[in-house]
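1. structure for the following, please:
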Amino acid sequence: MSTPDQPILQRPDRDRPWLMRTYSGHSTAKASNALYRTNLERGQTGLSIAFDLPTQTGYDADEALRAAKSAVLAFPISHLGDMEALFDQIPIEKMNTSMTINATAAWLFALYIALADKRGVDRGVLSGTIQNDIVKEYLSRGTYIFPPGPSLKLTTDSVVFSVAEVPKVEPDQRVPLSPAGSRRDAGAGNRLLAFQRDPDSR
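-> Here you go, the predicted structure:
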C-alpha cells in the first residue's frame, strides 16, 4: 500500500560508478608511479599492478639470473623501498589495488600491508585483490616456485590472513581457489578440487 505522499515505485539509489583499473607498469617503480598518478588524475579509479616476470618468480632486481628479463613488459619490486616508490603520493587507503601475482603473491601482499602499517593506515580500510591463483601456474604458465603442496599452503594462508586482517581485500580475484577463466574454458573444470584435496599432490 502507498499513501498520497509516498509513490508506489521509488527510484532506487544509483549504483556507484564502475571501478576502472588499467593493468599497467613499466621499467621501474618510480616510472610506474608517475604513470599511475597520471591515470588517476585523468579519471582512473583504481590500480592494477603489473610486475615483471622475475618478480613473479621470486628473484631480486640485482640477481644475475634475472637480468635479461628484468623490467621487460613491467617492473621489478624487491623490497619495501620499491613499494614505497611505487605508491609515492598515492593514498592507498582510498585505492582499490589489484595485484596480478601468483607464486610470490604472499610476499608482494605483505609488502603492501607493510607500507600501510608504515603510513599508519588501518589495514581494515585497504581494498583490492591479489590474484593468488597458483594452480594456474601449474596448469598453464609454469611460473611456480615451490612444489604444489607448499604452494597451495601459501595460497590458502593468504586467504585466511586476508579474511582476518584485511577483510576488504579479495584474496583471490577469481572464483576462490579456482583456475583462471581461460584455463577453465580449456578443460580444467572442477578437477581442481581433486588436485587441491589430494594429499599425494605435494
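
2. could you look up the SS state of residue 84?
-> Three-state assignment for residue 84 (DSSP: H, G, I helix; E, B strand; the rest coil): helix.

3. if I look at the closest residue to it other than its chain neighbours, what pLDDT would I see?
-> Closest residue to residue 84 in three dimensions, ignoring its sequence neighbours and counting by CB to CB, 6 or more residues apart in numbering: residue 115, at 6.1 Å. The way it works is simple: take the backbone N, C-alpha and C, and place the C-beta from them, glycine included. Model confidence at residue 115, given as pLDDT, is 98.

4. run the chain-centre distance for the helix or strand where residue 115 lies.
-> With elements taken from DSSP states H and E, the one containing residue 115 is helix 105-119. Centroid separation for helix 105-119 versus its chain: 12 Å, with CA atoms, centre = their mean, to the nearest Å.

5. so after it, what's the next helix or strand?
-> Taking DSSP H and E as the definition, the helix or strand right after helix 105-119 is strand 127-130.

6. residues contacting that following strand, please?
-> Contact with strand 127-130 is made by 46-47, 95-99, 101, 105, 108-109, 158, 162, 168-173, as judged by CB atoms under 8 Å, 6 or more residues apart in numbering.

7. how does it look with 7 Å?
-> Counting by CB atoms under 7 Å, 6 or more residues apart in numbering, the neighbours of strand 127-130 from elsewhere in the structure are 96-99, 101, 105, 109, 158, 168-171, 173.
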